[in-house]
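> Sequence and predicted structure, then a few things I'm wondering about:
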Amino acid sequence: MPPCCASSRRSCRRRSSRGATGTEPSVASIGIFDSGVGGLSVWREIAFLLPDVDLIYFADQGYCPYGPRTLPDIRQRVEKVARFLLAQEIELLVVACNTASAAALSHLRGLFDLPIVGMEPALKPAVEKTNSGKVAVMATPATFQGEPFGRLMARFAHGVQVFVQPCPGLVEQVEQGDLDGPVTQRLLHRYLDGLPAQGVDELVLGCTHYPFLRPAIEAVVGAGVQVIDPAPAVARQARRLWERLETKPLTSSVPQRRFYTTGPAERLRQQLWQLLGPKAAHQANVQTASLHE
């Protein structure tokens, strides 16, 4: 399917709720994407809050992980993914990837005329909740390199000490389905062992892959450290924007659950089973996608 594009700065606008013939209404959907399966932690929250809405999920597994790549490379790739989803006539776009949000969220909002929800580390609630005055953020290296994190620190990190912990390798472990194996455990201990001793009492999950590691993370940091997952708040924002759409989109009697991947489709099917459970996996329509180069 060709990408949605035009020559103006607003190179793709939200399509109307009419079908291809111009006479029949079409069912609108929400597009959600990540470099891999991490965004499924956001997908499941949105599916819970908006159970009757069609959801289209894009896992860019052929290009995963985004974290080690340069910000211009990530920005270019994310634009291609967004264009693919816009061609599916989505009404709302959720960038369910902290790295992509840090690198490209402003870029996407400058290009496309539809509501876009992005991810950012939940620093504000961590600062509000801390008793020790020490909080930590774990994320990919690229998340910390983007300008949005610097603005987040300048806005909220007043009167507290913020420990920034890059965690290379964890995304790959989740993609491989290793949520608590020896390699994952070694990485978690390497990155997190020192935090409780330094007085950290709030730990922000700054990557959408990390909620799938939450039990293992909590076992490492102990009961004295509260782990914060931003996915529920992002889903609530998506619901607010969906409900504010000027032309109320139609919803289907049986919501569609479409999944696209730039990797092997069978691999994503297995990951859906592991991460979302058998019911979600059975309902999923999984297809392989290729992006226009």
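In hand now; what should we look at?

> CA only for contacts and neighbour counts going forward, please
Noted.

> how far out from the middle of the chain is stretch 118-137?
Mean-position distance between stretch 118-137 and its chain equals 18 Å (CA atoms, centre = their mean, to the nearest Å).

> And stretch 163-175, by the same measure?
Between the centre of stretch 163-175 and the centre of its chain there are 15 Å (CA atoms, centre = their mean).

> What residues sit buried inside that stretch?
165-171, 173-175 (16 or more other CA atoms under 10 Å).

> ok, and what's touching stretch 167-179?
For stretch 167-179, the surrounding residues in contact (CA atoms under 8 Å, 6 or more residues apart in numbering) are 36-38, 65, 67-68, 138-141, 183-184, 187, 191, 209-210, 212-213, 216, 271, 274.

> Roughly how far does the residue nearest to Thr70 when sequence neighbours are not counted sit from Pro121?
Spatial nearest neighbour of Thr70, excluding adjacent residues (CA to CA, 6 or more residues apart in numbering): Ala142 at 7.6 Å. Between Ala142 and Pro121 the distance is 13 Å, computed by CA to CA, to the nearest Å.

> Can you dump the C-alpha atoms of stretch 93-100 in PDB for me?
What follows is stretch 93-100, C-alpha atoms only, in PDB (Å, rounded to 0.1, in the frame of the first residue of the first chain):
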ATOM      1  CA  LEU A  93      -1.300   7.800  16.400                       C
ATOM      2  CA  VAL A  94       0.400   6.500  19.500                       C
ATOM      3  CA  VAL A  95       4.200   6.500  19.400                       C
ATOM      4  CA  ALA A  96       4.600   3.700  22.000                       C
ATOM      5  CA  CYS A  97       8.400   3.900  22.100                       C
ATOM      6  CA  ASN A  98      10.400   6.200  24.300                       C
ATOM      7  CA  THR A  99      13.400   6.300  21.900                       C
ATOM      8  CA  ALA A 100      11.200   7.100  18.900                       C
END
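
> which of Ala142 and Pro121 has more neighbours?
Shown here are Ala142 and Pro121; by other CA atoms under 10 Å, Pro121 has more neighbours (26 against 22).

> quick check, nearest of the buried residues of stretch 163-175 to Leu114?
Val171 (29.0 Å; CA to CA).

> which intervals of this structure have sub-threshold pLDDT?
Scanning the chain for pLDDT under 70 picks out the ranges 1-27, 246-253, 292-293.

> any chance you could map the helices in it?
Assigned by DSSP state H, the chain shows helices spanning 40-49, 71-86, 98-111, 123-129, 141-145, 147-156, 170-175, 182-192, 194-197, 214-221, 231-243, 265-276, 278-283.

> Ser290 is nearest to which of the ones you listed?
That would be, of the helices of the chain and by CA to CA, helix 71-86, which comes in at 9.0 Å.

> which ones are touching the residue nearest the centre of the chain?
Nearest to the geometric centre of the chain sits Ala96, at 1.6 Å (CA atoms, centre = their mean). By CA under 8 Å, 6+ apart, Ala96 lies in contact with 32-34, 38-39, 42, 118-119, 208.

> Mind doing that once more with 6 Å?
Counting by CA atoms under 6 Å, 6 or more residues apart in numbering, Ala96 touches 33-34, 39.

> If any of these are buried, put those into a ChimeraX selection.
To isolate the buried ones among those in ChimeraX, judged by 16+ other CA under 10 Å, type:
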select :33,34,39
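
> Redo the contacts of Ala96 as CSV? Include distance to Ala235.
Output for the contacts of Ala96, formatted as CSV (distance: CA to CA, whole Å):
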residue, distance to Ala235
Phe33, 13
Asp34, 15
Gly39, 11
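
> What is the nearest of the contacts of Ala96 to Val160?
Checking the contacts of Ala96 one by one against Val160 (CA to CA), the nearest turns out to be Gly39, at 29.2 Å.

> Counting neighbours, what do you get for Val286?
Per other CA under 10 Å, the neighbour tally for Val286 reads 21.

> Could you double-check that it lies in contact with Arg257?
No - under the criterion of CA atoms under 6 Å, Val286 is not in contact with Arg257, lying 8.6 Å apart.

> on that earlier part again, with adjacent residues omitted, what lies nearest to the residue nearest to the centre of the chain?
In space, Ala96 is closest to Gly39, 4.8 Å off (CA to CA, 6+ apart).
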